[in-house]
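Asker: what shape does this take:
(6 chains)
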Protein chains: 4
Amino acid sequence: MRSARAEIGDASAREARVKGQRNAEQTQDAIFAAALAEFTGKGLDGARVDRIAARAGANKRMIYHYFGGKEDLFLAVLERTYTAIRSAERKLHLEDLDPVAAMRELVAFSFDYFERNPHFIKLLNNENLHGARHVRSSGEIRDMHSPLVSMIAGILERGRKSGAFRADVDPIQLYISIAALGYFYFSNAATLSAIFGRDLLDRQAVEQRRRHAIDVILSYLRP
Amino acid sequence: MRSARAEIGDASAREARVKGQRNAEQTQDAIFAAALAEFTGKGLDGARVDRIAARAGANKRMIYHYFGGKEDLFLAVLERTYTAIRSAERKLHLEDLDPVAAMRELVAFSFDYFERNPHFIKLLNNENLHGARHVRSSGEIRDMHSPLVSMIAGILERGRKSGAFRADVDPIQLYISIAALGYFYFSNAATLSAIFGRDLLDRQAVEQRRRHAIDVILSYLRP
Amino acid sequence: MRSARAEIGDASAREARVKGQRNAEQTQDAIFAAALAEFTGKGLDGARVDRIAARAGANKRMIYHYFGGKEDLFLAVLERTYTAIRSAERKLHLEDLDPVAAMRELVAFSFDYFERNPHFIKLLNNENLHGARHVRSSGEIRDMHSPLVSMIAGILERGRKSGAFRADVDPIQLYISIAALGYFYFSNAATLSAIFGRDLLDRQAVEQRRRHAIDVILSYLRP
Amino acid sequence: MRSARAEIGDASAREARVKGQRNAEQTQDAIFAAALAEFTGKGLDGARVDRIAARAGANKRMIYHYFGGKEDLFLAVLERTYTAIRSAERKLHLEDLDPVAAMRELVAFSFDYFERNPHFIKLLNNENLHGARHVRSSGEIRDMHSPLVSMIAGILERGRKSGAFRADVDPIQLYISIAALGYFYFSNAATLSAIFGRDLLDRQAVEQRRRHAIDVILSYLRP
DNA sequence: CATGAATGAGGTTTCATTCAT
DNA sequence: GATGAATGAAACCTCATTCAT
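Answerer: This next block holds a predicted model:
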């Protein structure tokens, strides 16, 4: 789980690029890492190509050379972000756990992923602001269904049979709810923190929220 | 140009214009409405002052005259948006309902509010992208605590006493979860729809989600 | 005839624009004059928006405000150029002259117009380099048929009847030939001068060419 | 990449490549052909070095290696273009024809050359747009006088003696007029076609124009 | 001989904002 | 109170050219 970050390539841009060296892959990676940071921090419209190039220690021209343009770069970042979460999801193996433990793991995984990958949330919010324009244009992303839905369906079925879970649960609705409980918390942590007057991202608050999310889902599933 | 407004202005607006008198207020309102639409549709960075002025049928200079600048205009929109939801929340009167019915009403209200006010979600996401910069700078917003939290606390207390609800529920966590179940659904409807290949915003899907959200919260509260 | 230049507005850009004054029409005119000079001197691709703005003493932004963009500005210049020549052509009144004198005037007019409006030739050559893209996109230009064709037809008819001209002459071919004899000379003066080693644009050479062009056309028309 | 050329290279090219030996010449030729096409299609300013390299299937660096730069490449193309027409002109042998037939052949040759070598016209127009800068800098081109002028002088002299032609014709003026009648037609075919609303380059129109050009010159020469 | 990566200058265009009336 | 013209900074992007291998 801890490896989730590394998959996106968060090696700092500067680190990735030894100055003056000529290496296409390195340059691309550096641009990519810089773009991820910039888009995450400022959004698509707020991001600046100049800043991405500077962060990457690369020439601006290279962005256009390798990625085509700002919008394409954003799409590339988005695609890699989706690839990363799907890959992390696929690494979950819950078959050996009893349904309750499995569900607990799954909710915890989802929650932890959002905590550790704040860029995922920022990028997705941005994409939704733009009406999912890029996702819709990317067959690659559209075809990347989350394995979580069928995992959930499997766990629900096992739980139903063992009598641990109620019988009338829709896996897709549950999938969305599991995501919602964590995603919304991190997505809106800044405004919520401002309004509640305390930092929702401190260790204790996050831990409390994590327990709550698991609690909500498991309570809901009780027969 | 002078006729542009008149064509748009409705009867009451025309009525109100007693020879240049309430013109100012009208202009402000028009700018405001235009800004809300623009910020909602494009985000703070994607919004264009020119377009806001054009939409408002007003001179660009007026935006600076009345609001100070783009950023201030955004803050004004945000403040009014928060004011509106708090006001709507205060109109909820659940004291006469039994705890279960009251909670059901409250969850439904929250869900419906998000459905009917998509701009609220867009603006909040934008504000969070920018680290709640404007909310933090606005004492007005920071002081607008949601009455829902104490409402929830009250309902929980009544439910605990009547044995309808479990005893160990944190009102703030519940408040966040109630919001999450609806907010996330509408906030991410575009990407989720693209990925699931069906429109999550059609009447039937929304209705199903609404029932599910209520179900999750009430099931969670069972003792 | 001498007024041909003025119609295009060759008042120098600087002259047209008193610094610091706010006058939309003046600014537009200044931009226009600057654009004409720039496009004439460098061609569409060689022209620089920066230089046009500087020549006009205007802010670059104004070009986009008033004309839309470089390409649109080129089209505007082209349209005005066509308008100017058509207008000049319409001022020709040859009805009172006998056919031979009328034709002589017409050939001389054409020749002189090319001499006095070198920008016309430059712009047309540029437009032809681009496959007449702008002309084809401009209904305005496409509809501006030259009145010369019907003038020529009329003179030919009168000459045929009086026995001054041969009978089998196609007015359109003749129109093209009249244009060709002058246009080509001025269009290609630079290369021809370089190759012949003498300046084809000096007064004497031009005068000689003018007589020759008239001679060719009138000799051709002899019965 | 290595295979890109091979796919294009025809049999003879492949034959000639005796293990890297005549590779150089091949590359140069490919660049040359690509440059001709690019300059013809887009003009000097509109031409892109990248595109030339791509069209040639060559590395961009080779352009600088073999030709020095974009401008030098243009000059090289121009020189070869002039060389070609002079060479074609020298192949004309009109001594055995009577003056009228000889002149007819010469006009036809000129007309046909323009029709068959549209790039010649494009390049020359471009060169004139730039004030014949390259021609003037190229001694090679400046020294390439057209043999047509002296051919014309010869034919005129023979015609004068035989009584077939008038006596007062300037060979240079006639040379320019012969060129003009064809050159202008093809040079401005795009705009003329757009304005007349019919394709001046279709077979029939070209044939009609060809006859007209010959007619004009021969009629002019009648004593 | 040949390559693909890299660059800096400069291209067109757009922005939020201010000025003059 | 209101307007439309004007602006400078900066945005995205492209260019001919050179570098390292």
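
Asker: from here on, just use CA atoms for contacts and neighbour counts.
Answerer: Noted.

Asker: which residue does chain A have closest to chain D?
Answerer: Of all residues in chain A, A:H65 sits closest to chain D, with a separation of 12.3 Å (Cα to the nearest Cα).

Asker: ok, and what's touching the helix or strand containing that residue?
Answerer: Assigned by DSSP states H and E, A:H65 belongs to helix A:60-67. Applying Cα atoms under 8 Å, 6 or more residues apart in numbering or on different chains, the contact partners of helix A:60-67 are A:28, A:31, A:49-50, A:53-54, A:69-70, A:73, A:76.

Asker: and if you look at stretch A:95-107?
Answerer: For stretch A:95-107, the external contacting residues (Cα under 8 Å, 6+ apart) are A:92, A:94, A:152, A:155-156, A:158-159, A:164, A:178, A:213-214, A:217-218.

Asker: buried residues of that stretch, list them for me.
Answerer: Applying a neighbour-count criterion of 16 or more other Cα atoms under 10 Å in any protein chain shown, the buried positions in stretch A:95-107 are A:99-100, A:102-107.

Asker: what does stretch A:193-201 give?
Answerer: By 16+ other Cα under 10 Å, the buried positions in stretch A:193-201 come out as A:193-195, A:199-201.

Asker: do the same with stretch A:56-70
Answerer: Within stretch A:56-70, the residues scored as buried using 16+ other Cα under 10 Å are A:56-58, A:60, A:62-63, A:67, A:70.

Asker: so where do the helices sit in chain A?
Answerer: Taking DSSP state H, the helices of chain A run over residues A:4-8, A:13-16, A:24-46, A:49-56, A:60-67, A:70-90, A:99-116, A:118-129, A:133-137, A:139-142, A:147-162, A:171-187, A:189-196, A:203-221.

Asker: can you add mean pLDDT and distance to C:N128 and give those helices back as CSV?
Answerer: CSV is the format used below for the helices of chain A (pLDDT from 0 to 100; distance: least, Cα to Cα, whole Å):
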stretch, mean pLDDT, distance to C:N128
helix A:4-8, 38, 52
helix A:13-16, 42, 49
helix A:24-46, 94, 40
helix A:49-56, 94, 37
helix A:60-67, 94, 32
helix A:70-90, 96, 35
helix A:99-116, 98, 59
helix A:118-129, 97, 45
helix A:133-137, 94, 38
helix A:139-142, 91, 42
helix A:147-162, 97, 59
helix A:171-187, 98, 57
helix A:189-196, 96, 60
helix A:203-221, 98, 69
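
Asker: skipping adjacent residues, who's closest to A:F114 in space?
Answerer: Spatial nearest neighbour of A:F114, chain neighbours left out: A:Y183 (6.2 Å); criterion: Cα to Cα, 6 or more residues apart in numbering or on different chains.

Asker: now do the contacts for the residue nearest the centre of chain A.
Answerer: In chain A, the centroid-proximal residue (Cα atoms, centre = their mean) is A:F120; its distance is 3.5 Å. The neighbourhood of A:F120, defined by Cα under 8 Å, 6+ apart, consists of A:81, A:114.

Asker: how many residues are close by A:Q208?
Answerer: Using other Cα atoms under 10 Å in any protein chain shown, A:Q208 has 12 neighbouring residues.

Asker: so what's A:I195 closest to, chain neighbours aside?
Answerer: Closest residue in space to A:I195, ignoring its immediate chain neighbours: B:R142 at 5.0 Å, by Cα to Cα, 6+ apart.

Asker: with adjacent residues omitted, what lies nearest to A:S150?
Answerer: Spatial nearest neighbour of A:S150, chain neighbours left out: A:P171 (7.7 Å); criterion: Cα to Cα, 6+ apart.

Asker: in this structure that neighbour contacts A:I155, no?
Answerer: No - applying Cα atoms under 8 Å, one finds A:P171 not in contact with A:I155, separated by 9.6 Å.

Asker: which of the two has more residues huddled nearby?
Answerer: Using other Cα under 10 Å as the criterion, A:P171 and A:I155 rank with A:I155 on top: 24 against 19.

Asker: show me the contacts for that one.
Answerer: For A:I155, the contacting residues are A:99, A:102-103, by Cα under 8 Å, 6+ apart.

Asker: switch to 7 Å and redo it
Answerer: With contacts defined as Cα atoms under 7 Å, 6 or more residues apart in numbering or on different chains, A:I155 is in contact with A:99, A:103.

Asker: now do the one 5 residues further on
Answerer: With Cα under 7 Å, 6+ apart as the criterion, the residues that contact A:R160 are A:166-167.

Asker: hmm, 10 Å instead?
Answerer: Contact analysis of A:R160 by Cα atoms under 10 Å, 6 or more residues apart in numbering or on different chains lists A:99, A:154, A:166-169, A:221-223.

Asker: filter these down to the buried ones, ChimeraX style.
Answerer: Applying 16+ other Cα under 10 Å to the contacts of A:R160, the buried members can be selected in ChimeraX as follows:
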select /A:99,154,169,221,222
